[in-house]
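[1] Provided below are the primary sequence and the corresponding predicted coordinates.
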Amino acid sequence: MTSMTAPRITIAFYSSTGNVLRLAEAAAEAAAKTGAEVRLRRIPDLTADTVVPGTEDAVAARREAVQDIPVATNDDLVWADGILLGTPVRFGLPAAPVSVFVDATAPVSIPGLLADKVVSAFTSGSAPHGGQETALLSLYNAVCHWGSFVVANGSTDPVLFREENGNPYGTSNVTRNRPGNVHEDNIAAVEFQARKVVRAAAIVARGVRTGTA
Ligand SMILES: Cc1cc2nc3c(=O)[nH]c(=O)nc-3n(C[C@H](O)[C@H](O)[C@H](O)COP(=O)(O)O)c2cc1C
């Protein structure tokens, strides 16, 4: 991959108890290994962020773990050719901090500055069938409003047929209420997803930057 076409990938995630953080870090590493330029960015806690009783230690550990990761900005989205969004499932929806982040894109998304971006999303929830699909699809609603290119995993690779995988809309972890319970199948799936975004973003970047698209 030449530097002119090395795609720029931003991974913007919110994580409370660290599960989405693990997926985001795996995605960042996989994208960087392809030669892409990668920005790993965290979406910050809301002042009144929800901490479920029993998860205080995990939340404290996650706060410590993310403190050196820069906060995601609109510039990180505009800079990127490909964007991976990570969110926990909350009542079948993306977490509120992610919704706040999405709202705050208006100054760049409404003028169309996110229109040529490849976007994909991943998630973590506690229960099987706990709303992973609905959370991802809700997030993709916003991506459609941005006019970006939604790139999902589909059922396109053997890794996605492993026992803990299978959500075509994006990598989905099931923690079964154990913070840190991110299965290696999910790590492999999010690595696949990151590489897929890099590939699609490279195609778009080549066209956009060379003026042939
Ligand atoms: C307010 C709240 C609502 C939640 N709603 C759901 C849900 O609808 N379905 C589910 O499977 N898990 C739900 N969970 C659990 C989280 O999605 C799960 O623990 C996830 O792995 C957290 O990711 P994180 O460790 O990156 O914060 C909820 C957690 C909270 C705090």
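    That came in fine, so what should we check first? Residues are numbered from 1 along each chain as shown.
[2] three-state assignment of the nearest residue to residue 50 once chain neighbours are set aside?
    Once flanking residues are discounted, residue 50 sits nearest to residue 16: 7.4 Å by C-beta to C-beta, 6 or more residues apart in numbering. No exception for glycine: its C-beta is placed from N, CA and C like everyone else's. Three-state assignment for residue 16 (DSSP: H, G, I helix; E, B strand; the rest coil): coil.
[3] what separates residue 16 from the ligand, distance-wise?
    Computed as C-beta to the nearest ligand atom, to the nearest Å, the residue 16 to the ligand distance reads 3 Å.
[4] pLDDT score assigned to that residue?
    Residue 16 carries a pLDDT score of 94 in this model.
[5] doesn't residue 59 make contact with it?
    Yes: if you go by C-beta atoms under 8 Å, residue 16 and residue 59 touch, sitting 5.7 Å apart.
[6] overlap in contacts, those two.
    Residues touching both residue 16 and residue 59 (C-beta atoms under 8 Å, 6 or more residues apart in numbering) are residue 51.
[7] more neighbours: which of those two?
    residue 16 (23 against 19; other C-beta atoms under 10 Å).
[8] residues contacting the more buried one?
    Counted by C-beta under 8 Å, 6+ apart, residue 16 has contacts 45, 49, 50, 51, 55, 58, 59, 62, 88, 95.
[9] in JSON lines, list those residues along with distance to residue 211.
    Formatted as JSON lines, the contacts of residue 16 follow (distance: C-beta to C-beta, whole Å):
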{"residue": "45", "distance to residue 211": "41"}
{"residue": "49", "distance to residue 211": "44"}
{"residue": "50", "distance to residue 211": "47"}
{"residue": "51", "distance to residue 211": "49"}
{"residue": "55", "distance to residue 211": "50"}
{"residue": "58", "distance to residue 211": "48"}
{"residue": "59", "distance to residue 211": "47"}
{"residue": "62", "distance to residue 211": "43"}
{"residue": "88", "distance to residue 211": "40"}
{"residue": "95", "distance to residue 211": "38"}
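[10] so where does the residue sitting nearest the centre point of the chain fall, helix or strand?
    Nearest residue to the geometric centre of the chain (C-alpha atoms, centre = their mean): residue 85, 2.4 Å. Using DSSP states H and E, residue 85 falls within strand 82-90.
[11] which elements pack onto the helix or strand that comes right after that strand?
    Next helix or strand after strand 82-90 toward the C-terminus (DSSP H and E): strand 93-94. Packing partners of strand 93-94 (3 or more C-beta pairs under 8 Å, 6 or more residues apart in numbering; DSSP states H and E): helix 132-146.
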